[in-house]
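Visitor: Starting from these lines, generate the structure:
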Amino acid sequence: MRTVFKPTLKSVTATALLAVAAYLPFTAHAGMFDDDEARKAILDIRSKIEALQRDMTNKADKNSVLSLSDRNDNLERQISQLRGQIEVLSNEVSNAQQRQKDFYVDLDARLRKLEPQQVNVDGKEVSVAISEQQTYDAALAQFKGGDYKGAGNAFGDFIKRYPQSGYAASAQYWMGNSLYAQRDYKGAITAQQNVVKNYPDNPKAADAMLNIASSQVELKDKAAAKKTLEALISKYPGTTAAQTGKDRLTQLK
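Guide: Residues are numbered from 1 along each chain as shown. Model (predicted):
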């Protein structure tokens, strides 16, 4: 590989001075120029050297400026890249924060759904858990759908699972009705007696006594039915069940 020689300001100046030094003895020895001509020649060479020095200096300055310009361009490109990365990271952080916020909002909504709700059951405000409400509604839906056996079992399971529930009296009552619909009159009487005994102040109690009397009639026990209806009229006067009991009592006489 050939080495390319790049002249510098110092090398050019040195070369020029050597040329002058070599030239002066030659002119003095040859006697071809007088002193004025020699001085002119030296001044001319000196002028050329100074011009050459200025030219080299200008080129060096231009190279320095170009180098600084390149560095500035590189820095601007790097800053632009960093700004782009910062913007991407900012968007990611913002999206992550929004996802986290949405998660907590959704979690809070789900937890609220799992919390007990205040509902009105037979005229009273009671606290009912979501699973409790769903279980009761499912059993009642079976009864309304005509699946009396399934409903009876479902209400029985509900009472065992939620003995202190605000729906316990209603569940016991509907279990008695499910047994009556299956013509299990003895079972119906037992179920409704539990309503009267355990929940005497519940609105379902009067209806439970009416159902007991109906079951006794089906069992051909009119004496017991009359006794039950008389107790219904005496214990729960003014109720719709008591009025119906009066009508049936008249029919039994």
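Visitor: pLDDT of the one helix or strand residue 44 maps to, averaged?
Guide: Here residue 44 sits within helix 35-114, counting by DSSP states H and E. Mean pLDDT, computed over helix 35-114, is 72.
Visitor: Next: stretch 152-169.
Guide: Stretch 152-169 comes out with an average pLDDT of 96.
Visitor: in it, what counts as buried?
Guide: Using 16 or more other Cβ atoms under 10 Å as the test for burial, stretch 152-169 gives 152, 154, 155, 156, 158, 159, 162, 165, 166, 167, 168, 169. C-beta: built from backbone N, CA, C; applies to glycine.
Visitor: Quick check: end-to-end length of it?
Guide: 14 Å (Cα to Cα, to the nearest Å).
Visitor: now that stretch, how far from the chain's geometric center?
Guide: 36 Å (Cα atoms, centre = their mean, to the nearest Å).
Visitor: Touching it from outside, list them.
Guide: Applying Cβ atoms under 8 Å, 6 or more residues apart in numbering, the contact partners of stretch 152-169 are 119, 121-122, 124, 126-128, 132, 135-136, 138-139, 142-143, 171-172, 174-175, 178-179, 182, 195, 198-199, 202, 204-205.
Visitor: Return the subset of those residues lying in helices.
Guide: Among the contacts of stretch 152-169, the residues falling in helices (DSSP state H) are 132, 135-136, 138-139, 142-143, 171-172, 174-175, 178-179, 195, 198, 204-205.
Visitor: are any of those buried, and which?
Guide: If we count by 16+ other Cβ under 10 Å, the ones in helices among the contacts of stretch 152-169 have these buried: 132, 135-136, 139, 142-143, 171-172, 174-175, 178-179, 195, 204-205.
Visitor: Please tell me how far residue 138 sits from residue 220.
Guide: 36 Å (Cβ to Cβ, to the nearest Å).
Visitor: in the stretch 151-253 of the chain, which spans are helices?
Guide: 168-181, 185-198, 204-218, 222-235, 240-252 (DSSP state H, counting those that start in this stretch).
Visitor: Output the ones you listed in a markdown table; the columns should cover distance to residue 82.
Guide: As requested, the helices of the stretch 151-253 of the chain are exported to a markdown table (distance: least, Cβ to Cβ, whole Å):
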| stretch | distance to residue 82 |
| --- | --- |
| helix 168-181 | 68 |
| helix 185-198 | 76 |
| helix 204-218 | 75 |
| helix 222-235 | 86 |
| helix 240-252 | 81 |
